[in-house]
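Q: got a predicted structure here, sequence first:
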Amino acid sequence: PETTIIDGQGHKCFEITQAAPGTAVIGFTITNGGSMQGGGFWVFDNSAIEIADNVISNCQVGYEGAGIHVQRYSYANIHHNRFVNNRATMTAAISIIVDSSAEIRSNVFMENASEIRGAAIGVHQSHVEVVDNMFLDNRGGQTTGNVDFYKATGRVSNNVFLGNTGTDGGASCVAIRHAD
C-alpha cells in the first residue's frame, strides 16, 4: 500500500455509488480524507464493494465514518486493512448505517478517536460481522468504546482489544444499545 498514495487533502478520497458486485479497492494508502461523512470512502445507494489491503490514515470528518462510511442498502467486505489515527465526532474508522451490511475481518485499528461513539466501528440499523480484528490504543467517545451497535444486529468474535479507552463511562471494547 505504501507505493500508491491517495491524499484527499481534506476532501473525500473515494465516493462510490451504485457499485456492482465485484467492485474492489485494493492496495492503496488513503490519507487525509475529510468531509462530514466518509473521508476515506463514502459508499452508498445499493453499492457492493471489497476494500482490502489498504492503509487508511489521518482522515477526519465532522460527523461519522472518517475512514469508511457505508449507507443506504450497501454492502462492504472490509478486510486486511490498517486504520490509523482517524478522527470523527461520532465513529472514527468505519460506520455502517441505514439498512446496510458489512463483513469486517482481519483489520488493525490503531489510535483512532471519536468524541461521542465508537472509535473503531459504529453500526446503526444495519448488520455487521466483526471477526479476527485487532483494536489497539483507540479512544471511544462518551457513550461507547470501540465497537458500537445501536439498533443493529451482528456478531463480534475472535477480536483482540488492547489499550483502548472510553470516556465518560463508555465501554472500552463493545457496546450494544437498543438491540433488536
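A: Okay, I see it.
Q: just for the chain, where's the confidence low?
A: 1-2, 143-145, 168-172, 178-180 (pLDDT under 70).
Q: rerun that using 90 as the cut-off
A: 1-3, 90, 115-119, 139-150, 163-180 (pLDDT under 90).
Q: so which residues of it form helices?
A: Shown for the chain, no helices are assigned by DSSP state H.
Q: spatially central residue in it, please.
A: I94 (1.0 Å; CA atoms, centre = their mean).
Q: residues touching that one, list them.
A: G65, G67, I68, H69, V70, I78, F83, A102, I104, A120, I121, G122 (CB atoms under 8 Å, 6 or more residues apart in numbering). C-beta here means a position set from N, CA and C on the backbone, and glycine is covered the same way.
Q: residue contacts, the third one?
A: Pointing back at I68 there. Contacts for I68 (CB under 8 Å, 6+ apart) come out as G38, G40, F41, V43, I51, I56, A76, I78, A93, I94, S95.
Q: got a PyMOL select line for the buried ones in the residues you listed?
A: A single PyMOL command is used to select the members of the contacts of I68 judged buried by 16 or more other CB atoms under 10 Å:
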select buried, resi 38+40+41+43+51+56+76+78+93+94+95
